[in-house]
Structure formats: structure tokens, C-alpha cells
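Engineer: After the sequence you'll find the predicted model.
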Amino acid sequence: MARQILAQFLELDNESSGPPTYPTQSQIAERTQRARAQIGQILTKGRERWRRTPALTTVRNDLAEFITAEGGVVEIGELAQFLLTSRGSDAGDPLSLRRGAAVVRAALEAERPSESNRFEESRRNGRFLVARSEPPYGEVALDYAEKLGATAFQLATSDPLPAPVRVQESLRAVSSHFLQQGMTVGSAGCCCCQVAVSPAVNSTRKAWKHSAR
């Protein structure tokens, strides 16, 4: 039963299909008709085993370096894509992406019990963000990504689309507060527009990149 629970948590069970959705413990409990506390106990044992896995230790270090290189905060799907790009896969989509996501999730969970946990997670408005926990990142970076993403979404869904100068002014206004706290303009650049997949969002992302120069 524990193996089945962990397989569902990592979306490696036979019922999982399509892109990864990163289910919560509560969702797993509801699907399996098990108590939330029981799911937590099984996951705690899984974390202990994953923490003792040398290959996952390497992955954890690589993920920490990648997040830092990307400005301190990323959307969790970017971590899976990073692993696939750096390590490759013999499976096709979406299985390869789901396997990559499973490795990412196991790595993040393995780090969680550590007093020096390098990752901080946040689920907001349908997005799953992961930040480096150390200053000046952590909650500040997550808030920055959320506010910048919300502003980008509002701009991208405006009809008509705003002029580039307005995009630059709006996003820079959001950034000014966080710049004073030690963040950089690019701290949320990789995920600020991960709010939809549409030409409008892509246009806004291009304008944001231009404004950050």
C-alpha cells in the first residue's frame, strides 16, 4: 500500500497520464480514501529513503545551482525540463516529463527535513513555484514572482495589448519595491509569465525582457 501511495504522489502509477500535476497529500488521501495523517507518515518514510539515495543528492545539488542561476525562483516544471535537458530520457512525451517531474519531487521532498533545506515552495493561483530559501530569495522571491506574474497576466490579457512602454513601466513599478530588498530585476524572470500559454503572454514576456535590459 505504501508503494502505491508513493507512486501516486510521484505520478508514476498506472492511472497517471498526461503532463505532471504534482498532487498534494490531501489530494492523494482523497483519491485513495486514506487518512491525511497516514499519507504523511508514508511520505515521511519515503523522504528518509530518498535522502539516503546518492543519485538524488546529486540532483538536489544540481537543482539548487539551477535555481540560483535562474535568479532564485522558478516554476517547478522548469526543474523537470532542466533535468531532461541535462540528463536526457529514452521515453517520449509526456512520460519523459512525468518521470523528470517525479525525480524533481523526490529530490525536493528529500531536502525538506533538513535544517539547511535549500528550497522553499509555494502554490499560488494554479502555479507551483520553487525558490532558494536563503536570503535574498525565499518568501521575498516567491512574492516577487507572484506579483510580477499577476501584472504580466493582466497586461497580456488586455484588449488591445498595451504599448511596450506601458509594459515596461508597469513591470518596473512592481520591481522597484523588491529591488530595495536586494532582489534583481531578473529574479523572477523565468516564471513571471508562466501564467498561460498564449501569444499575448509571449508578447508580454518579450516586452518584459526588453524592459529588464
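Structural biologist: Structure received.

Engineer: tell me what the top helix by length along the chain is packed against?
Structural biologist: Criterion DSSP state H: the longest helix present in the chain is helix 138-156. Using 3 or more C-beta pairs under 8 Å, 6 or more residues apart in numbering; DSSP states H and E, the elements in contact with helix 138-156 are strand 73-75, strand 119-124, strand 127-132, helix 164-179, helix 199-211. The way it works is simple: take the backbone N, C-alpha and C, and place the C-beta from them, glycine included.

Engineer: could I have stretch 151-163 exported to CSV, CA atoms only?
Structural biologist: Provided in CSV are the C-alpha atoms of stretch 151-163 (Å, rounded to 0.1, in the frame of the first residue of the first chain):
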residue,chain,number,x,y,z
THR,A,151,0.8,42.0,-13.5
ALA,A,152,2.2,40.3,-16.6
PHE,A,153,-1.1,38.3,-16.9
GLN,A,154,-3.2,41.5,-16.6
LEU,A,155,-1.1,43.2,-19.3
ALA,A,156,-1.1,40.1,-21.6
THR,A,157,-4.9,39.7,-21.5
SER,A,158,-5.7,43.4,-22.1
ASP,A,159,-7.6,44.2,-25.2
PRO,A,160,-5.9,45.8,-27.0
LEU,A,161,-2.5,44.8,-25.9
PRO,A,162,-0.7,47.7,-24.1
ALA,A,163,2.2,49.5,-25.8
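
Engineer: So for it, mean pLDDT?
Structural biologist: Averaged across stretch 151-163, the pLDDT comes to 87.

Engineer: buried set for it?
Structural biologist: Under the neighbour-count criterion of 16 or more other C-beta atoms under 10 Å, stretch 151-163 has 151, 152, 153, 155, 156, 161, 162 buried.
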